[in-house]
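**Student:** sequence-free structure coming up:
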């Protein structure tokens, strides 16, 4: 009898252990399910509202831990761009900020030093505010640096689809890619618009398939400096002047070790349009298959400009009027040193270089 009691006790305790295991298992499953929302796992919901909180409260340096996408249900206050009003560095760590074609991304409202790196900017557009689809600096004296960034499918109803900078500002672009779907920017600067007195430095970057009225990629206003090194520009278009660059009065353009291919302008300057009294220096660069429906298949320099071409190649460029490769207006100083011109064509004068009187 004692043996039977002991056996029953053992079975009863064993059953209790099994029940406890089942309860623990059910409890653990409930805990996992209750923490399975995206917000609990990611730390924030990835909305523009969440990004605004991060930018406004993160001090002078922040890192993005996930992607951010515009949501019409939570982000309508940020359609004109998330405000940056202090010195700030944002490391995107390869993440994407997507405006969903309903919003700008950043709006810089003070003369600050802003560094944006390792970020993919995508689908930025806001129809009610025309300038600067991805980044709009609304004030002067901004120092903006873009490092290892990508701009995809950015468009704008007015000026500077990717970036718009106000006067006396500086822009440094390093190891970045700007690629458009070919959508048209109705005014100027298919990718970047710079107001007067600005400086832009571009290194190790690519610009492809941008379109604008003047300055298919860059519109550079009065007395600005443009320095381009080790970069590629392909299949960009200006429906008026400058398939890649429009440089207004008294500007400076310096191009080194860069490639320009299949860019065109319906007016003048298939690649570069430099207005009066500007300086254009081209060193160790290649211009191939660019065209202008008027003057300057690759380069147009207005009256009183200085044009220096050194160790460069111009191949298969075409102008439907004058200067198949280079057009220099009246009173220009033109120096061509150790450069190659091959198969360029002008339907009027100057198959390779046209130099105006004086």
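**Tutor:** Everything's here; your move. Note that the structure is a prediction, hence the values are computed from the model and not measured. Numbering: from 1, shown residues only.
**Student:** what residues go with each domain of the chain?
**Tutor:** Domain assignment for the chain, taken from automatic domain parsing, gives 1-36, 48-355.
**Student:** tell me the most buried of those?
**Tutor:** domain 48-355 (a mean of 22; mean count of other C-beta atoms under 10 Å). The way it works is simple: take the backbone N, C-alpha and C, and place the C-beta from them, glycine included.
**Student:** and that domain, end to end?
**Tutor:** One end of domain 48-355 to the other measures 53 Å (C-alpha to C-alpha, to the nearest Å).
**Student:** average pLDDT for it, rounded please.
**Tutor:** The pLDDT scores in domain 48-355 average 94.
**Student:** the chain should start at 38 in everything you say after this.
**Tutor:** With the count now opening at 38, the last piece we talked about shows up as domain 85-392.
**Student:** now that domain, how far from the chain's geometric center?
**Tutor:** 8 Å (C-alpha atoms, centre = their mean, to the nearest Å).
**Student:** need the distance between the two termini of stretch 318-334.
**Tutor:** 16 Å.
**Student:** swap in stretch 294-308?
**Tutor:** Start-to-end, stretch 294-308 (C-alpha to C-alpha) is 15 Å.
**Student:** equivalent analysis for stretch 114-128, please.
**Tutor:** 24 Å.
**Student:** got the contact list for it?
**Tutor:** 85-86, 88-89, 92-93, 97-101, 107, 139-147, 149-156, 163, 165-166, 169, 172-173 (C-beta atoms under 8 Å, 6 or more residues apart in numbering).
**Student:** got it, and stretch 243-253?
**Tutor:** Contacts for stretch 243-253 (C-beta under 8 Å, 6+ apart): 198, 213-228, 230, 254, 256, 268-283, 300, 302, 310.
**Student:** from these, which land in strands?
**Tutor:** Judged by DSSP state E, strands contain the following of the contacts of stretch 243-253: 214-216, 221-225, 230, 256, 269-271, 274-275, 282-283, 302, 310.
**Student:** surely residue 390 and residue 383 touch.
**Tutor:** No. Counting by C-beta atoms under 8 Å, residue 390 sits too far from residue 383 to count as a contact (9.5 Å).
**Student:** what sits in contact with each of those two?
**Tutor:** With C-beta under 8 Å, 6+ apart as the test, residue 390 and residue 383 both reach residue 360.
**Student:** and the next helix or strand past the strand or helix carrying residue 238?
**Tutor:** For residue 238, the host element (DSSP states H and E) is strand 236-240. Counting by DSSP H and E, the next helix or strand C-terminal to strand 236-240 is strand 243-245.
**Student:** what about the closest residue to residue 366 other than its chain neighbours, which SS state?
**Tutor:** Closest residue to residue 366 apart from its sequence neighbours, by C-beta to C-beta, 6 or more residues apart in numbering: residue 340 at 4.1 Å. Following DSSP: H, G, I helix; E, B strand; the rest coil, residue 340 is assigned to coil.
**Student:** for residue 340, which residues are in contact?
**Tutor:** With C-beta under 8 Å, 6+ apart, residue 340 has these contacts: 313, 314, 366, 367, 368, 369, 393.
**Student:** separation between it and residue 96?
**Tutor:** Distance, residue 340 to residue 96, using C-beta to C-beta, to the nearest Å: 51 Å.
**Student:** repeat for residue 196
**Tutor:** Distance from residue 196 to residue 96, by C-beta to C-beta: 32 Å.
**Student:** got it, and residue 279?
**Tutor:** 40 Å.
**Student:** repeat for residue 272
**Tutor:** Residue 272 is 41 Å from residue 96, by C-beta to C-beta.
**Student:** how about residue 330?
**Tutor:** 52 Å.
**Student:** with residue 226 instead?
**Tutor:** 32 Å.
**Student:** then residue 195?
**Tutor:** Taken as C-beta to C-beta, the span from residue 195 to residue 96 is 33 Å.
**Student:** end-to-end on stretch 266-286?
**Tutor:** The first-to-last residue distance of stretch 266-286 comes to 22 Å (C-alpha to C-alpha).
**Student:** brain fart, stretch 366-374
**Tutor:** 19 Å.
**Student:** also stretch 167-183?
**Tutor:** End-to-end for stretch 167-183, by C-alpha to C-alpha: 22 Å.
**Student:** where does residue 89 land in three-state SS?
**Tutor:** helix.
**Student:** nearest residue to residue 354 other than its sequence neighbours?
**Tutor:** residue 334 (3.7 Å).
**Student:** quick one: residues contacting that neighbour.
**Tutor:** 307, 327, 328, 354, 355, 356, 360, 361, 362, 381, 382, 383.
**Student:** of those, closest to residue 113?
**Tutor:** residue 307 (42.1 Å; C-beta to C-beta).
**Student:** so that closest one: helix, strand or coil?
**Tutor:** coil.
**Student:** please name the residues that touch the closest residue to it other than its chain neighbours.
**Tutor:** In space, and not counting its chain neighbours, residue 307 is closest to residue 327: 3.8 Å by C-beta to C-beta, 6+ apart. Contacts of residue 327 were listed using C-beta under 8 Å, 6+ apart, and they are 280, 297, 298, 299, 300, 301, 307, 308, 334, 335, 354, 355.
**Student:** mind checking the backbone torsions on the last one?
**Tutor:** Read it as residue 355. Per-residue torsions, residue 355: phi -150, psi 140 (degrees, to the nearest 10).
**Student:** before we move on, what about the fourth one?
**Tutor:** Per-residue torsions, residue 299: phi 60, psi 30 (degrees, to the nearest 10).
**Student:** that one reaches residue 272, doesn't it?
**Tutor:** Yes. Contact criterion C-beta under 8 Å: residue 299 and residue 272 qualify, at 4.9 Å.
**Student:** thanks again, I'm all set now.
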